[in-house]
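1. Sharing a sequence plus its predicted fold:
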Amino acid sequence: MLKKKSKPGGKNKYRHIFVSNIPVGLYRNTSGPKGHFISGNPAIVKMFGYDSVEEFMNISVSDIYIDPKERKDFSERLITKGQVSDINLRLKKKDGTMIWASVSARAVYNKAGQIKYFDGMVEDITLRKQMEKQLEEARKTAETSNRTKSMFLANMSHEIRTPMNAILGFAQLMQKDRTLTAEQRKHLEIISHSGEHLLTLINDILDMSKIEAGRMTFTPVTFDLHTLLLDIEMMFRVRTDAKGLLFKVEGMNEIPEFVVTDEGKVRQILINLLGNAVKFTDKGSILLQVGMEKKEEQIFFIAEIIDTGTGISRDDIPRLFHAFQQSSTRTQTIEGTGLGLAISREFARLLGGDIEVRSKVNEGSCFRVKIKIQETKNKPVTAAPEKHVIGLQPGLNLYRILVVDDKPENRLLLSEILRAVGFETRESADGSEAISEFQTWKPHLIMMDIRMPAMDGYEAIRRIRAIPEGAGIPIIAVTASLWEEDRQKIKESGANLYIRKPFREYEVFDAIGTCLGVKYVYEEKDKIQPTQTDEIPLTGESLKVLPEDTVSRLREASISLDFDRLMEIIENITPQFPQLAEQLKKLAADFQFDTLLKLISEKSA
Ligand code: ADP
């Protein structure tokens, strides 16, 4: 109803009907600070809560603005550009309430090129804005709760890994004790095995939270695919044999030996799928069929895990790969978290492939894994087999190592491991203690726990690095965290290396070896088992495995005929050198201090 006299009938009649009924507000207003409305359609009158067009036309343009600055900006833009569209403005109704409006307008000029008035169109978008706000809030809440969940999982797993470090570490230390009975040894193995199982579960949960938080990383390495498959075959043959299932691996000659991809993830996928196959098959067979697929320059490793087990119903298949889903055909007694398949598929996708499944209830299932690989002629760098360190190579300096950890049991574990081979150690319970110990004791190396109350490991490392004599000291960070970002942070803080809790003894020694260049004496594998009969005669040579300071303490105790101290020193070396300790104990028990001193001097000769 723009103010143009409309003749009844003809084209204008329809225009009039259109303008009156359109749900969009239309207006015309004069320009300038005192600008007012010249006309408006019923929709705009209603939109702003006025009773009639006449009432609306009595108000000035500034009356509908909440913020005068918004009005100023809008007019300036309109005057400069001649027209604007879809500008979101907060406008005011007659009763003072606010509406969100989307406004488009244009300037109308006279023949002299001066602005006569403005024509505009207003759409009430309050509802849309409210919905957008609600959606945004819901998104934020979901994001926060997802982040909270990931943080919770990361923290929980950290909290569990830390005490597990002490449990598994001391179990490892105790396994070396040759005075243990066969039954005690078995119990220790159960502790270790159950601990490892618990760790796997925690890792699964953490993997899932990493996937959900988009923090899963791809770490390609060159590795021997044949060895990996043979290892897995060996691992599962024990289980299939125990269940009386036939287990076959076929197609090994179809696949290359050395490949590049994320070995850890390939291993985990195959272990998860084969684990399920064994779990859900009570009779018949399991087949691991491997092969290759080439597609436009890309090479894929294919593994099909085919079982003759319970099968999965058609209804269950679509949700199989969702976290915490278990099919309706499974029996309640079978253990599992419902995470294995979800993690495996995410891993396969991360590795440029996928997992597909075909299955029939009561007939069996086939899981087909496809993973992008690169072939290589390069031999992988293989890690040295795990060996037991029993001492430092003779002739080395005495090394001082500072062990920093807020948990006394973890400090004790590391100290015992290190002292047993001849390192001297001291302990600090937090970052600031570590800094002052570093300054007064001047250790050769620091083992630094990362998460500690008060001053944490990052800060302590940074501060030590800032001290001139701290710039070059080797620092090995010890962390229970598995997050990639934390590793990055550790490197940035200035640590030379890091080891992960729960650590294995050899990881600690390897890291120290790398930093200090020390060499170790290793126990031969077959000597780890207790042998009661074939006792080697005790000579000066036998004492060479002992750390230098242990030998001098033995000498002092023998010279001063101190039986109790002698026994105490022997007790301390028992876990590492059970046979030698046994022989020394016999000498001490017979008060043969002279013989002992003779052996010690033979050793030093
Ligand atoms: P879970 O820890 O429960 O095994 P998974 O994610 O590995 O978790 O598997 C999810 C579910 O898929 C299982 O609980 C089982 O119901 C079904 N499933 C997986 N593999 C097989 C299989 N080979 N045969 C039959 N059912 C299977």
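-> Okay, I see it.

2. low pLDDT regions in the stretch 301-450 of the chain?
-> The model of the stretch 301-450 of the chain has pLDDT under 70 over residues 324-337, 381-386.

3. Could I get the full set of strands for it?
-> 354-360, 364-375, 388-392, 400-404, 424-428, 445-449 (DSSP state E, counting those that start in this stretch).

4. most neighbours per residue, which of those?
-> strand 445-449 (a mean of 26; mean count of other Cβ atoms under 10 Å). Heads up, the C-betas are built off the backbone N, CA and C, glycines and all.

5. okay, now Lys295: neighbour count?
-> Number of residues near Lys295 (other Cβ atoms under 10 Å) recorded here: 9.

6. now the one 3 residues further on
-> Residue neighbour count, defined by other Cβ under 10 Å, stands at 11 for Gln298.

7. OK, contacts around it?
-> Neighbour list for Gln298: 352, 372 [criterion: Cβ atoms under 8 Å, 6 or more residues apart in numbering].

8. what about Phe118, which SS state?
-> strand (DSSP: H, G, I helix; E, B strand; the rest coil).

9. From Phe300, how far out is it?
-> Phe118 is 65 Å from Phe300, where distance means Cβ to Cβ, to the nearest Å.

10. just checking, what packs against the helix or strand harbouring Met164?
-> Assigned by DSSP states H and E, Met164 falls within helix 126-175. The contact analysis (3 or more Cβ pairs under 8 Å, 6 or more residues apart in numbering; DSSP states H and E) places helix 126-175 against strand 98-109, helix 182-212, helix 408-421.

11. if you set the cut-off to 10 Å instead, what comes out?
-> The helices and strands touching helix 126-175, judged by 3 or more Cβ pairs under 10 Å, 6 or more residues apart in numbering; DSSP states H and E, are strand 83-92, strand 98-109, helix 182-212, helix 408-421, strand 475-479, helix 505-516.

12. Bridged to the closest residue to Tyr498 other than its chain neighbours, which residues?
-> Of all residues not flanking Tyr498 in the chain, Ala477 sits nearest, at 4.0 Å (Cβ to Cβ, 6 or more residues apart in numbering). Residues in a beta bridge with Ala477, per DSSP bridges, are Met448, Tyr498.

13. Number of residues surrounding Ala477?
-> For Ala477, the count of nearby residues is 28 (other Cβ under 10 Å).

14. need the next SSE after the helix or strand bottoming out on mean pLDDT in the chain, C-terminal direction.
-> Lowest on mean pLDDT, DSSP states H and E among the helices and strands of the chain sits helix 10-21, with a mean of 60. Remark: after helix 10-21, the chain's next helix or strand is strand 25-29, criterion DSSP H and E.

15. mind checking how far that following strand is from the chain centre?
-> 59 Å (Cα atoms, centre = their mean, to the nearest Å).

16. rewinding a little: mind checking which of the strands of the stretch 301-450 of the chain is nearest Lys248?
-> Lys248 lies closest to strand 364-375 among these, at 13.9 Å (Cβ to Cβ).

17. quick one, what contacts the spatially closest residue to Ala303 that is not a sequence neighbour?
-> Of all residues not flanking Ala303 in the chain, Val369 sits nearest, at 4.6 Å (Cβ to Cβ, 6+ apart). Val369 makes contacts with 266, 269-270, 272-273, 290, 300-305, 344-345, 347-348, 351, 353-356, as judged by Cβ atoms under 10 Å, 6 or more residues apart in numbering.

18. Next, count neighbours for the nearest residue to Asn88 once chain neighbours are set aside.
-> Excluding the flanking residues, the one nearest Asn88 by Cβ to Cβ, 6+ apart is Ser102, at 5.7 Å. Counted with other Cβ under 10 Å, residues neighbouring Ser102 total 17.
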